[in-house]
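Participant: starting from these lines, generate the structure:
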Amino acid sequence: MLNEEKVRYMTELAIFEKNEGRKIFPINRYFKTDYVGGHMFRSFFGYSFCYLLFLAMWVLYELDNFMDGTTLEELIEWGRKWGIAYIAGLAVYLLITCIVYSKRYEYASRSQNMYASKLKHLVKRYGKERPERTKENRGGKGR
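Facilitator: A predicted model of the protein is given here:
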């Protein structure tokens, strides 16, 4: 006879594993600093690539001003402005990335701990109810 509470508990764990498992179980392979640092590394390259694309679009948009005659001082001033904007934007973006992925790591770590404690509870409570296997119920030659 099936124990309904055991089945309900196992179903709850299976649903949790199916829904949250993809997000929380891969994090188990990393330390927090490695996980956050890896995402900050990716964010740096993603932000830099998008910034360069945006800068290229702006240069193409302002190409007629460049062709009309722009002095070297104006180009240096634009370069300073764009450089300051890049550094400030990058700092803000990396700060946001650090905060977001730190929170995700903490959430996944808590979820893994909760999942492990529920599994331990399930094993502790229902692990002893398994019948002993003998040759007769294994389909062995003892018949």
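Participant: tell me how far the helix or strand residue 54 falls within is from the chain's mean position?
Facilitator: Assigned by DSSP states H and E, residue 54 falls within helix 32-61. Chain-centre distance of helix 32-61: 17 Å, with Cα atoms, centre = their mean, to the nearest Å.
Participant: what's the separation between residue 59 and residue 46?
Facilitator: 21 Å (Cβ to Cβ, to the nearest Å). Every C-beta, even on glycine, is put in place using the N, C-alpha and C of the backbone.
Participant: low-confidence ranges, this structure, go.
Facilitator: 1-2, 127-143 (pLDDT under 70).
Participant: where along it do the strands fall?
Facilitator: Using DSSP state E, the chain contains no strands.
Participant: report the longest helix in it, please.
Facilitator: helix 72-126 (DSSP state H).
Participant: packing partners of that helix?
Facilitator: In this structure, helix 72-126 makes packing contacts with helix 4-24, helix 32-61, judged by 3 or more Cβ pairs under 8 Å, 6 or more residues apart in numbering; DSSP states H and E.
Participant: swap in 10 Å and give it another go.
Facilitator: Packing partners of helix 72-126 (3 or more Cβ pairs under 10 Å, 6 or more residues apart in numbering; DSSP states H and E): helix 4-24, helix 32-61, helix 63-69.
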